[in-house]
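**Q** Predicted structure and sequence below. I'll ask about it afterward.
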Amino acid sequence: MDKTIIIEKLKHKNEILPNEFDGTYRSVHEAIESYAKVRKIALIDYNDLELMYYLSLGLWKNDKKELKHYIQKSHLLHNDKLLLEKKLEKIWSKGSRMLFNHVIEKEEMEFLTAPVSFKDLPVAKNSESIQFFFKMCINISGLENDGKLFDTAQQMLNSQVKNSGLPVFAVSRILHCLKPFTFPILCESATDSIVFKTLDIGLCCYDDISQYITNCRKVLDFRNSLFKFQNMRVFDIMSWEMLYAKDEPEEPEKHGKIRQRKKAKAALNQILYGPPGTGKTYNVVKYAVELIEGEKIAEGEPYAAIKERYEQYAASGQIKFTTFHQSFSYEEFVEGIRPVVVDKYGNDTNIAHAETTVIYRPYNGVFKVLCEKAAKSPHMNFVAIIDEINRGNISRIFGELITLIEESKRGTSIILPYSQSEFSVPQNLYILGTMNTADRSIAMLDTALRRRFDFTEMMPEPWLLGNCDGVDLCELLTALNERIEYYYDREHAIGHAYFMNSNGCITTLDELRDVFATKIIPLLQEYFFDDYERIRLILNDKNTFIECVVPKYIKQFDSGQKLYRLGNPDKWEMDDFINIYRDIS
């Protein structure tokens, strides 16, 4: 990869927030705090170095049993071991619940899970250098200034440490996790500092521990001169991307999963539209998981397994579900301002009195929060699901975002009106909407959304239905929808989902009676504005579902007006339902 291309890519990299990226940063900090309590520092040896390096790789590397094994082998105090276990357990569980935003690729996982042991390295025979390194970590953990960090580390990495065999790859990993904005990761076998070597920024003797701080200063100066990001892990991520680009096969489908966003060919903005009960909300779960993972779901995979992954992505913040309605506004979706009560010192308070005042602060809406999270994690996909998108006032809710969501405008910045901050919609954020065509005609939304969204029609699928106590539900639904399309339009068809439950298609006559009494007939009443003669045509009814009643208490009944009542569902039999689709020619 050309130098100018690498630099340009790095200029567009977003900041990596340590505690959101993965568990390594917090883990190493917790461990160093525990080692700071050790009085007999002379007991520390290669087992402790293994623990620290293991934590710097990440708690996803193996299971909790191995984590406890490394802790027990260390020379921490007994109580501190138990306390560290509890702290790391919380971090580990956060990772297992997918609450970190770093997705590990196949090559990186193979590197992280490779066996790590310092027992046979030269450093194992020189415990003093390891003890010296731990003292250095404890000393610099409270420093913030880059110059002081470098000076302190340089003084402590003396000639004794240089000749000890202390590996640069371990030292740089651990120091980076302690101070991610100051120390880069160097000399690892997998990436081998490929980004620094390609850019030729003057680093030398990568594997010489005494040159590590000198190289760190050069990396820091290089970063500050060209880039906005602070976390040195960005360079490490760039090295992995260069490896992926180098090793990418010509036919990726034959070699397993490739990076997520490269495989994702779906449109950035999509709307699933159709009549009620056609499975739009049901299918939006599948669509969202496919967008997050960048590949089609395997045919035949149980819906429960897909829904479980959907819930995990939602819990981790990669999927955000919201519903539009007539009162939904720009302030709730993008950003607004709200009053806050503060005391005379400017502190927030819940109690208003003579010495308090009210100020107004901007706050982020649901879409802006998701956009900012996606911008911080460009290697991951995010999905904003907007249910009933046609029920909101689109121009009022989206405002200037109606332009920014276009594929060609992604990444373009604007100044928001309330916070006066720059804002853009990132490329890795998908918008997935659902629209009920029975609520409002799709034609009314063409001018606002048609050019910016891909529309996927979802119509009833009667072939998904089977036999219900002798009633052919497929034929029944087909007959109903054919008549509805003839007497009204196809946008008000009845969906197959009305005849399904969690176990699939309904199978008993009682269930069918309940569906008609509580769902189908009320829906037809709404569609045809209580025109019962038209409803009886739709049902091919013979005074069963809708009963025509002769007035009993009306004198001089000569107007010809009819009274209608909903029939008694308990009296609806199999033949009554079969009559709906029986040949009437």
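**A** Great, that's in hand.
**Q** Test my guess that Arg582 contacts Asn540.
**A** Yes. In this structure, Arg582 is within contact of Asn540 by Cβ atoms under 8 Å, at 7.3 Å. For the C-beta atoms, the positions are set from N, CA and C on the backbone; glycine is no exception.
**Q** ok, the two, which is more surrounded?
**A** Between Arg582 and Asn540, counting by other Cβ atoms under 10 Å, Asn540 is the more crowded of the two (17 against 11).
**Q** Determine the residues that are contacts of both of Arg582 and Asn540.
**A** Contact criterion Cβ atoms under 8 Å, 6 or more residues apart in numbering; residues shared by Arg582 and Asn540: none found.
**Q** what's the closest non-adjacent residue to His156?
**A** No, residue 156 isn't His; it's Met. Among residues not flanking Met156 along the chain, Met136 sits closest, at 4.2 Å (Cβ to Cβ, 6 or more residues apart in numbering).
**Q** What mean pLDDT does the helix or strand encompassing the one you found get?
**A** For Met136, the element it lies in under DSSP states H and E is helix 127-140. Here helix 127-140 scores 87 as its mean pLDDT.
**Q** which of the residues in that helix are buried?
**A** Across helix 127-140, burial judged by 16 or more other Cβ atoms under 10 Å covers 127, 129-134, 136-138, 140.
**Q** from the residues you listed, which is closest to Ser408?
**A** Closest approach between these and Ser408, by Cβ to Cβ: Ile140, at 47.1 Å.
**Q** is it true that the closest one touches Ile174?
**A** No. Using Cβ under 8 Å, Ile140 is not in contact with Ile174; the gap is 10.9 Å.
**Q** Any regions of the stretch 251-400 of the chain where pLDDT drops low?
**A** The stretch 251-400 of the chain contains residues with pLDDT under 70 at 251-265.
**Q** related to what we said a few turns ago, let's have the buried residues of helix 127-140 in a markdown table, adding distance to Gly365.
**A** Listed next are the buried residues of helix 127-140 as a markdown table, based on distance: Cβ to Cβ, whole Å:
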| residue | distance to Gly365 |
| --- | --- |
| Ser127 | 56 |
| Ser129 | 54 |
| Ile130 | 51 |
| Gln131 | 53 |
| Phe132 | 52 |
| Phe133 | 48 |
| Phe134 | 47 |
| Met136 | 46 |
| Cys137 | 42 |
| Ile138 | 44 |
| Ile140 | 41 |
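**Q** what about the protein, any weak spots by pLDDT?
**A** Where the chain drops to pLDDT under 70, the residues are 1, 59-64, 94-107, 109-110, 113-115, 158-162, 244-265, 440-449, 555-560, 583-585.
**Q** CA-only coordinates of the helix holding Met136 in PDB, if you can.
**A** Extracted in PDB, the C-alpha atoms of helix 127-140 (Å, rounded to 0.1, in the frame of the first residue of the first chain):
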ATOM      1  CA  SER A 127      13.600 -11.700  37.700                       C
ATOM      2  CA  GLU A 128      15.200  -8.400  38.800                       C
ATOM      3  CA  SER A 129      14.600  -6.800  35.400                       C
ATOM      4  CA  ILE A 130      10.900  -7.900  35.600                       C
ATOM      5  CA  GLN A 131      10.600  -6.500  39.100                       C
ATOM      6  CA  PHE A 132      12.200  -3.300  37.800                       C
ATOM      7  CA  PHE A 133       9.700  -3.100  34.900                       C
ATOM      8  CA  PHE A 134       6.800  -3.500  37.400                       C
ATOM      9  CA  LYS A 135       8.200  -0.600  39.500                       C
ATOM     10  CA  MET A 136       8.300   1.500  36.400                       C
ATOM     11  CA  CYS A 137       4.700   0.700  35.500                       C
ATOM     12  CA  ILE A 138       3.600   1.600  39.000                       C
ATOM     13  CA  ASN A 139       5.500   4.900  38.900                       C
ATOM     14  CA  ILE A 140       4.200   6.100  35.500                       C
END
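**Q** Name all residues that make contact with the residue nearest to Met156.
**A** Going by Cβ under 8 Å, 6+ apart, Met136 touches 152-153, 156-157.
**Q** Name the member of those with the most neighbours.
**A** Using other Cβ under 10 Å as the neighbour criterion, Ala153 leads the contacts of Met136 with 23 neighbours.
**Q** rewinding a little: following element in sequence after the helix holding Met136, please.
**A** helix 146-156.
**Q** can you give me how far that following helix is from the chain middle?
**A** Distance, stretch centre to chain centre, for helix 146-156: 39 Å (Cα atoms, centre = their mean, to the nearest Å).
**Q** Please point out which parts of that helix sit buried.
**A** For helix 146-156, a neighbour-count test (16+ other Cβ under 10 Å) marks 146, 149-150, 152-153, 156 as buried.
**Q** which of the residues you listed lies closest to Lys119?
**A** Nearest to Lys119, judged by Cβ to Cβ, of the buried residues of helix 146-156 is Met156 at 24.5 Å.
**Q** Would you tell me which helix is longest in the protein?
**A** Ranked by number of residues, the top helix in the chain under DSSP state H is helix 78-96.
**Q** How far off centre is that helix?
**A** That offset, for helix 78-96, works out to 25 Å (Cα atoms, centre = their mean).
**Q** Other residues contacting stretch 566-581?
**A** With Cβ under 8 Å, 6+ apart as the criterion, stretch 566-581 contacts 469-472, 475-476, 478-480, 509, 512-514, 516-517, 521, 539-540, 542-547.
**Q** Please narrow these to those residing in strands.
**A** In strands, defined here by DSSP state E, the members of the contacts of stretch 566-581 are 471-472, 546-547.
**Q** among those, which two are most distant?
**A** Asp472 and Glu547 (25.0 Å).
**Q** List buried members of the contacts of stretch 566-581 by neighbour count.
**A** 471-472, 476, 478-480, 509, 512-513, 516-517, 521, 539-540, 544-547.
**Q** and Ile44, what is it in contact with?
**A** Contacts of Ile44 (Cβ under 8 Å, 6+ apart): 35, 38, 75, 127, 130-131, 134.
**Q** Output those residues in TSV, with distance to Phe321 appended to each entry.
**A** Below are the contacts of Ile44 laid out as TSV (distance: Cβ to Cβ, whole Å):
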residue	distance to Phe321
Tyr35	44
Val38	48
His75	49
Ser127	55
Ile130	50
Gln131	53
Phe134	47
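**Q** Touching the strand or helix carrying Glu533 from outside, list them.
**A** Secondary structure from DSSP H and E places Glu533 in helix 532-539. Helix 532-539 has contacts (Cβ under 8 Å, 6+ apart) with 480, 483-484, 487, 521, 524-525, 528, 541, 545-546, 548, 562, 564, 580.
**Q** and Gln72, what element?
**A** Counting by DSSP H and E, Gln72 is found in helix 64-73.
**Q** which helices and strands does that helix pack with?
**A** Judged by 3 or more Cβ pairs under 8 Å, 6 or more residues apart in numbering; DSSP states H and E, helix 64-73 is in contact with helix 46-57, helix 78-96.
**Q** From the chain's centroid, how far away is that helix?
**A** Using Cα atoms, centre = their mean, the offset of helix 64-73 from its chain centre is 31 Å.
**Q** And it, what's buried?
**A** Neighbour count says helix 64-73 has 67, 70-71 buried, by 16+ other Cβ under 10 Å.
**Q** CA atoms of it as PDB?
**A** Coordinates of each C-alpha in helix 64-73 appear next as PDB, following Å, rounded to 0.1, in the frame of the first residue of the first chain:
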ATOM      1  CA  LYS A  64     -12.500 -17.500  32.900                       C
ATOM      2  CA  LYS A  65     -10.700 -20.600  34.100                       C
ATOM      3  CA  GLU A  66      -7.500 -19.700  32.300                       C
ATOM      4  CA  LEU A  67      -7.900 -16.100  33.600                       C
ATOM      5  CA  LYS A  68      -8.000 -17.400  37.200                       C
ATOM      6  CA  HIS A  69      -5.100 -19.800  36.500                       C
ATOM      7  CA  TYR A  70      -2.900 -16.800  35.500                       C
ATOM      8  CA  ILE A  71      -4.000 -14.800  38.600                       C
ATOM      9  CA  GLN A  72      -3.300 -17.800  40.900                       C
ATOM     10  CA  LYS A  73       0.200 -18.200  39.500                       C
END
